[in-house]
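Peer 1: Okay, predicted coordinates and the sequence, questions at the end:
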Amino acid sequence: MEENEELNDEGLGNPDNSQDSLVKVTGMYKDWFLDYASYVILERAVPAIEDGFKPVQRRIMHSLKELDDGRYNKVANVVGHTMQYHPHGDASIADAMVQIGQKDLLIDTQGNWGNILTGDGAAAPRYIEARLSKFALEVIYSPKITEWQLSYDGRKKEPVNLPVKFPLLLAQGAEGIAVGLSTKILPHNFIELIDASIKHLKGQRFTLYPDFPTAGIIDVTNYNEGLRGGKIRVRAKISTLDKNTLVINEIPYGTNTSSLIDSILKANEKGKIKIKKIEDNTAAEVEILVHLPPGLSPDKTIDALYAFTACESSISPLGCIIEDNKPLFIGVKEMLERSTDNTVELLKAELEIQLDELEEQWHFASLERIFIENRIYRDIEEEETWEGVIAAIDKGLKPHTTHLKRAVTEEDIVRLTEIRIKRISKFDLEKAQQLIEGLEEKIAQTKHHLAHLVEFAIDYFKELKKKYGDGRERKSEIRIFDDIEATKVVIRNTKLYVNREEGFIGTSLKRDEYVADCSDIDDVIVFTEKGEMMVTKVDSKVFVGKNIIHVAVFKKKDKRTVYNMIYKEGKGGPSYIKRFNVTSITRDKMYPLAGENTSSEVLYFSANPNGEAEVVTVLLRQSGSIKKLKWDLDFADVLIKGRASKGNLVTKYPVKRIELKEKGVSTLKPRKIWFDDIVSRLNVDGRGELLGEFKGDDLLLVIDQKGTVKTILPDLLTRFSDSMVVLEKWNPKKPISVVHYEGEKERYYLKRFLVESPNKEELVISEHPKSFMELVTTDWRPVLEVEFVKPRGKDAKPSLEVNVEDFISIKGIKALGNQLTTEKVKNINVMESLPFEEPEEMRTEDIEVVDEESIDDPNDDIETNNDTSDQTTLF
């Protein structure tokens, strides 16, 4: 308590000297917390824009320079040396040094420095060694233009900032969490940074996108120059090894093979995906093999891996740097511009120092020549005092110093007196003149560089690219990602049941009626006998309403599923017929489909996944003078409208029952399907190249560069490889022409065939390692041009024109074909095809179908079309 009495008045005193009194600490933390926050921001977490280093990194690089003798140093020794400058533990210094070394730019490493791909840590600092890379020695250090400050204990000097002549911050990236703010600057490509710096110096526009050491695929659509609010998506590179095996060769930034495999196993345990086993063969390169159960779609599994595992993740950059001891939020474009401008200033400072040194060398070389050539040293023989010697030399120099660029100082004369007699005796006038002329050339060159500083800086960056750019090409592939709907790719890991009478649905009702396989993220659509509809989440047991007439897994935005319904409005009311689809809803909301009357009843209902329209028979009850008690009703005569529409009047009389007379066919137009080569996926949204209009049984023809031919259903989830050369709507009668090189016979062959087995992948060239497919065409009557190699000393043989239709008839898909030529071939080109009139398919306009786009849009929840002014009586 005696100590408390001596404290100041900021709430810390103890005026009543009571042992039980409270001590306020407001005055203690009010300033201390701000001091702590400022320290963490400036000295720990956030890098400086001038050199791109955090303090610990700067001190490590300074220590490496002090220890540098061209040989490797133990990391433990470097850490110990750094502790002279860094007031923290050796573990934090060692971790920071390992991170710099793993970026493979500034430190030349030796030993086990860990693996960013597998997540393995580095060996202990006493077992690994390091030295500065040649790049670091050239770019980071320049003591003559470095600003120095005292270390934390005042014993040593350390740099305020290192004179880094390169956008190092963007090359290495930086991440740190401080008090009240954080930073996350993503790494960028070495070569692209240099190119961008050159463009900036030339006044040209440039763009920068991240490039990660783990490679992978990135979508930079929303990068926003690395500012707050930006986002990039990163994906692993997954390819199909065979129909039951996927291979991951590149991983997303921020993950490693261990964490990636763990996320896949967890998704498998939760039932989101289904895999057989995983093999991790990663060494110098990533190789993770994912084995699939038989019958599982590889394309769908790839999408599921992106949707439910760490194979895809989002990174939110945040560009925060320190400038003038203050945090500043800027984008990567401005970072590069500031760094490049700073590099120009540093180069200018170096050139100015170099010019001063050259001029000083020229001045003394000229004085030395005058001193020795004119034997001025003899004038000091009679002098007995030092002042007399200085005066004698000064007097002897004066007649010869008119051409000098500055006055002769006493220091210059003192330096002349220090010239050894041996040097005077062996003085070579011609060599001295050559030295002076050489210095004059260097001075002129330096002045030229200063006068043309931007050009000099551009040449500097070009030289960096030439010397250090090899092997630093972009690793991450930039693409635009397609959005993956989780409900479309999730594995159906549970079963859905229904108790129709009691009105319950769920996955735990195993004693009741089985509906379908589903996943725990699916939605379920339910229709009741009262003409009500609800969409709800899959759960163990949910009550939706008694007397369920239809239940199914709900597909959002599905315009092809059409519901056909006939209902009676109210007790004893008229009956109506309607067709509608359900594309979007509010979950767990009950929608009335048969009007607002609670006594309404559904007389007939069907769900049709392709818009089928059946024919039903309506039977009426005998009542009064009704003449026609039975007639047929075709749903194809009813337009598809929104779910809230009332429909068309069937009859105002009581209906006895409705029977299905004839199953229907689809009343929807064939789907137009496009291929978007940016994301290598099919779509129905009009993006990319139109492949055609597809009915239910139409297939796609796919041919790749390896010579494999297959036909597949146009599934929007299908992924297409980069080696694909043909993708079009398959016409079973249209021949395929292939020119291939037969490796065993060492000749080119031409074959023409039809696809004989739909949905089967077949190789149309031989399996010889030297065999390859030269070209493929699906024109009806193609014409080829064969160019021959020019023999030495002879004229080239005229090109051969080949009418494929005349050259070879249509044969089996496994046939070798006809030999194209025995001569050495230079090129084979596809010429303009011969005219051919394709047999016309029935035009869409001639088919009595409903266009999906003409269907009423039911996206809102407002019930419409309740008026009966436009109703048509079908009775």
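Peer 2: That came in fine, so what should we check first? Residues are numbered from 1 along each chain as shown.
Peer 1: how about the helices in the stretch 701-850 of the chain?
Peer 2: 804-807 (DSSP state H, counting those that start in this stretch).
Peer 1: How many residues are close by residue 634?
Peer 2: The number of residues packed around residue 634, counting by other Cβ atoms under 10 Å, is 14. The way it works is simple: take the backbone N, C-alpha and C, and place the C-beta from them, glycine included.
Peer 1: So it versus residue 34, what's the distance?
Peer 2: Using Cβ to Cβ, to the nearest Å, residue 634 is found at 80 Å from residue 34.
Peer 1: could you pull out the strands for the stretch 701-850 of the chain?
Peer 2: 708-712, 724-729, 736-742, 747-753, 762-763, 772-777, 783-788, 800-803, 818-821, 825-830 (DSSP state E, counting those that start in this stretch).
Peer 1: closest to residue 435 out of these?
Peer 2: If you check each of those against residue 435 by Cβ to Cβ, strand 825-830 wins as the nearest, at 60.4 Å.
Peer 1: Next, the angle from that closest one to strand 772-777.
Peer 2: Here the directions of strand 825-830 and strand 772-777 differ by 30 degrees (axes from the mean of the first three to the mean of the last three Cα atoms, to 10 degrees).
Peer 1: the inter-axis angle of strand 825-830 versus strand 747-753?
Peer 2: With the same axes, to 10 degrees defining the directions, strand 825-830 sits at 20 degrees from strand 747-753.
Peer 1: ok now strand 825-830, how far from the chain's centre?
Peer 2: With Cα atoms, centre = their mean, to the nearest Å as the basis, strand 825-830 stands 38 Å off its chain's centre.
Peer 1: That strand: which residues count as buried?
Peer 2: Neighbour counts over strand 825-830 (16 or more other Cβ atoms under 10 Å) mark 825, 828, 830 as buried.
Peer 1: Would you convert those residues into CSV that also reports pLDDT?
Peer 2: Shown next, in CSV, are the buried residues of strand 825-830 (pLDDT from 0 to 100):
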residue, pLDDT
825, 89
828, 91
830, 90
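Peer 1: Export these as JSON lines, with columns for distance to residue 715.
Peer 2: Converted to JSON lines, the buried residues of strand 825-830 look like this (distance: Cβ to Cβ, whole Å):
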{"residue": "825", "distance to residue 715": "39"}
{"residue": "828", "distance to residue 715": "34"}
{"residue": "830", "distance to residue 715": "30"}
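Peer 1: buried residues in the helix or strand encompassing residue 616?
Peer 2: Per DSSP states H and E: residue 616 is located in strand 612-620. Across strand 612-620, burial judged by 16+ other Cβ under 10 Å covers 612, 613, 614, 616, 618, 620.
Peer 1: any chance of the residues you listed in CSV, plus pLDDT?
Peer 2: What follows is the buried residues of strand 612-620, written out as CSV (pLDDT from 0 to 100):
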residue, pLDDT
612, 87
613, 90
614, 91
616, 93
618, 92
620, 90
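Peer 1: Residue 726: which of those residues is nearest?
Peer 2: residue 612 (33.2 Å).
Peer 1: any idea how far that closest one is from residue 478?
Peer 2: 44 Å.
Peer 1: And for residue 378?
Peer 2: Going from residue 378 to residue 478 by Cβ to Cβ gives 77 Å.
Peer 1: which one of these two has more residues nearby?
Peer 2: Here residue 378 and residue 478 are compared on neighbour count by other Cβ under 10 Å; more neighbours surround residue 478, at 15 against 10.
Peer 1: about what we covered before: looking at the strands of the stretch 701-850 of the chain, which is nearest to residue 538?
Peer 2: So among the strands of the stretch 701-850 of the chain, strand 708-712 is nearest, using Cβ to Cβ, at 30.1 Å.
Peer 1: Pairing partners for that closest one, with directions?
Peer 2: Next to strand 708-712 in the sheet, as set by DSSP bridges, lie strand 700-704 (antiparallel), strand 762-763 (antiparallel).
Peer 1: now those as JSON lines including distance to residue 714?
Peer 2: Formatted as JSON lines, these follow (distance: least, Cβ to Cβ, whole Å):
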{"stretch": "strand 700-704", "distance to residue 714": "5"}
{"stretch": "strand 762-763", "distance to residue 714": "19"}
